[in-house]
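here is the input, now give the coordinates:
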Amino acid sequence: MPGGRLTQQERQQIALGLADGHAYAEIARRLDRPTSTVTREVMRNGGPTAYRAELAHRATEHRAHRRRQTAPQGSAESGQVHGRDVEAVREYEEVFTTVLMQSGLPRMMARVLVCLYTTDAGSLTASELVQRLQVSPASVSKAIAFLEGQSLVRRERDEGRRDRYVVDDDVWYQSMIASVHANNRLVETARQGVGVLGPDSPAATRLESIARFLDFVSESIVRAAEQAREVLYTKPGTPPPGDGTEGR
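Numbering: from 1, shown residues only. The predicted structure is shown next:
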């Protein structure tokens, strides 16, 4: 099985395979490459609908050149923790960033979130983020403000009274609850429209359907989030929330 970086010809074959609707495994089989290699290549270069062989090849060369010129301080050391392969970590971070972007996050916000998630401590200061990502403090500040607004990171003070930005088990729970609150605002607004447009009109019927759908989804999200939080993150021997034993 061939190793090393993908050639431009192989990238053209990947693009043709995607255009023909082939799965990653089938494209990889034709190239005699691991499926993971094709998956990473596509996901870090725009995804299956936006992948372009020439652009992907130039982007890969640019990334390799940039790493040679300005490797972030400390990245090599951190990559060797637990026997990690530095290049594999970088490739994974690129894939993770692309997936988050496809879910709706802007690129810088996705890069900051991935940096936090792939750090063993699960928290970094603004200056550490600037150093690791090799971006400006303003870019990090803007990204953090956005992520805090989405409840995807939280802020805490360390012993040196510096702000640290944290992703932990509770962050996704809080983010889910924040999305429910946003849904509830949509429900309220849709039902306001029912009154304005008249309850018997087709438009009002449409808005009421939206409100009922989001109501149901929100209730399901809250129920599932509460159950997951209790099952996955409650320590053994800890009484369930609201059982009346707190403070005894």
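
switch to C-alpha atoms for all contacts and neighbour counts from now on
Will do.

which strands and helices sit next to the longest helix anywhere in the chain?
Secondary structure of the chain per DSSP state H: the longest helix is helix 202-233. Contact partners of helix 202-233 among helices and strands, from 3 or more Cα pairs under 8 Å, 6 or more residues apart in numbering; DSSP states H and E: helix 169-197.

residues of the helix it packs on that come out buried?
For helix 169-197, a neighbour-count test (16 or more other Cα atoms under 10 Å) marks 171-180, 183-184, 186-187, 190-191, 193-194 as buried.

other SSEs contacting that helix?
In terms of contacts (3+ Cα pairs under 8 Å, 6+ apart), helix 169-197 is packed against helix 202-233.

do that again at 10 Å, thanks
Counting contacts by 3 or more Cα pairs under 10 Å, 6 or more residues apart in numbering; DSSP states H and E, helix 169-197 packs against helix 137-149, strand 154-157, helix 202-233.

thought residue 156 was touching residue 126?
No. If you go by Cα atoms under 10 Å, residue 156 and residue 126 don't touch, sitting 11.9 Å apart.

now do the shared contacts for these two.
The contact sets of residue 156 and residue 126 overlap at 162, 163, 164, 165 (Cα atoms under 10 Å, 6 or more residues apart in numbering).

how is this protein partitioned into domains?
Domains of the chain are assigned by automatic domain parsing as 1-70, 75-167, 169-233.

re earlier: can you flag the weakest of the helices and strands packed on helix 169-197 by average pLDDT?
Among the helices and strands packed on helix 169-197, strand 154-157 has the lowest mean pLDDT, at a mean of 88.

need the contact partners of the helix or strand following that one.
The first helix or strand that comes after strand 154-157 along the chain, using DSSP states H and E, is strand 163-166. With contact meaning Cα under 10 Å, 6+ apart, strand 163-166 is reached by 113, 116-117, 121-129, 144, 147-148, 152-158.

could you do stretch 213-230 as well?
By Cα under 10 Å, 6+ apart, stretch 213-230 touches 169-170, 172-174, 176-177, 179-184, 186-188, 207-209, 211-212, 231, 233-234, 238-241.

output it as PDB, nothing but the C-alphas.
The C-alpha coordinates for stretch 213-230 follow below in PDB (Å, rounded to 0.1, in the frame of the first residue of the first chain):
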ATOM      1  CA  PHE A 213     -42.600  21.300  16.200                       C
ATOM      2  CA  LEU A 214     -40.000  23.400  18.100                       C
ATOM      3  CA  ASP A 215     -42.000  22.900  21.300                       C
ATOM      4  CA  PHE A 216     -41.700  19.200  20.900                       C
ATOM      5  CA  VAL A 217     -38.000  19.300  19.900                       C
ATOM      6  CA  SER A 218     -37.100  21.600  22.900                       C
ATOM      7  CA  GLU A 219     -38.800  19.300  25.400                       C
ATOM      8  CA  SER A 220     -37.000  16.300  23.900                       C
ATOM      9  CA  ILE A 221     -33.600  18.100  24.000                       C
ATOM     10  CA  VAL A 222     -34.100  19.100  27.700                       C
ATOM     11  CA  ARG A 223     -35.200  15.600  28.700                       C
ATOM     12  CA  ALA A 224     -32.300  14.000  26.900                       C
ATOM     13  CA  ALA A 225     -29.700  16.500  28.100                       C
ATOM     14  CA  GLU A 226     -30.800  16.000  31.700                       C
ATOM     15  CA  GLN A 227     -30.800  12.200  31.400                       C
ATOM     16  CA  ALA A 228     -27.300  12.200  29.700                       C
ATOM     17  CA  ARG A 229     -25.900  14.600  32.400                       C
ATOM     18  CA  GLU A 230     -27.200  12.400  35.200                       C
END
